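Below is the structure, and that's it, no one-letter string:
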């Protein structure tokens, strides 16, 4: 039995469908499974990684877990997984984690690193997936592309190698179902470094109309984003964008190495999500 936590999320949903497609016995964990629509054949369980008491039932009879990182959940999850006899855990971590840093830079890196540390100190076979920038992050532009032909934001020349969530899921499924991934850390990116302006242009090409990126002052963007992004996380996002200007984004081959196929392009991702824009 494989347990998928975060099963309604971008990556978890794809992992769930891929595992079912392979004929695997899968259990999907959600805080409120009755509120979601599930693929045929999946078993569901109510569980909350922030509530240790809910984990025993979710982990009963489970051999492998796809673990969605919830801040502060590492030690309790490890204890529950070891008690349940779980053998293998694949953690959806973050490319922001720096193994060389004495202190992680920002809250996202910090809480992922804490969960990684809990798994490192366990008897579980762990694999860490560290994706960089999700292509899905550009869904924040959808309201603008629906309203017009200009995306407005900070740092037009900020770069990233956006990764399709399905590629992250494919690596996760391989690590969950195959031997040889224990103790491995995979840095996951898309196949190409693109600026914000490049990404906006590609969205336009897929939609069949020109879309441009208009750079706004950073403080204007900070004020707009602060309504829905916590301050410390927003600071980290803006800093990462600023630091990337003028530098090609890291591109790795880990997706191809693990799955045997080249990572999907940002254009592929936009095509898959064109209706959202």
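Structure received. The structure presented is a predicted model; accordingly, all values stated were derived computationally and were not measured.

switch to C-alpha atoms for all contacts and neighbour counts from now on
OK.

how near is residue 6 to residue 91?
Using C-alpha to C-alpha, to the nearest Å, we find residue 6 at a distance of 11 Å from residue 91.

Now for these two: what residues contact both?
Both residue 6 and residue 91 are contacted by 67-68, under the criterion C-alpha atoms under 8 Å, 6 or more residues apart in numbering.

got the buried residues for stretch 195-214?
195-204, 207, 211-213 (16 or more other C-alpha atoms under 10 Å).

ok, now how distant is residue 246 from residue 194?
11 Å.

who's more crowded, the two?
Legend: neighbour count by other C-alpha atoms under 10 Å for residue 246 and residue 194, higher for residue 194 (20 against 11).

what residues are up against that one?
159-162, 248-249.

what's across from it in the sheet?
residue 160 (DSSP bridges).

Okay, it and residue 30: tell me how far apart.
34 Å.

same check, this time on residue 54
Distance from residue 54 to residue 30, by C-alpha to C-alpha: 11 Å.

what does residue 41 give?
Taking C-alpha to C-alpha, one finds residue 41 at 16 Å from residue 30.

more neighbours, the two?
residue 30 (22 against 13).

Surely that one is in contact with residue 49?
No. Checked against C-alpha atoms under 8 Å, the pair residue 30 and residue 49 is beyond contact range at 9.3 Å.

So for residue 106, what's the nearest residue that isn't a sequence neighbour?
What sits nearest to residue 106 in space, not counting adjacent residues and going by C-alpha to C-alpha, 6 or more residues apart in numbering, is residue 236, at 6.2 Å.

At which residues are the strands of the stretch 151-277 of the chain located?
Applying DSSP state E, counting those that start in this stretch to the stretch 151-277 of the chain gives strands spanning 159-160, 185-188, 194-195, 212-215.

I'd like those as CSV, with mean pLDDT and distance to residue 58 appended.
CSV is the format used below for the strands of the stretch 151-277 of the chain (pLDDT from 0 to 100; distance: least, C-alpha to C-alpha, whole Å):
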stretch, mean pLDDT, distance to residue 58
strand 159-160, 97, 36
strand 185-188, 98, 26
strand 194-195, 98, 40
strand 212-215, 97, 45
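
Can you say which of those is nearest to residue 172?
Among these, the nearest to residue 172 by C-alpha to C-alpha is strand 185-188 (9.9 Å).

how near is residue 139 to residue 200?
Relative to residue 200, and taking C-alpha to C-alpha, residue 139 is found at 11 Å.
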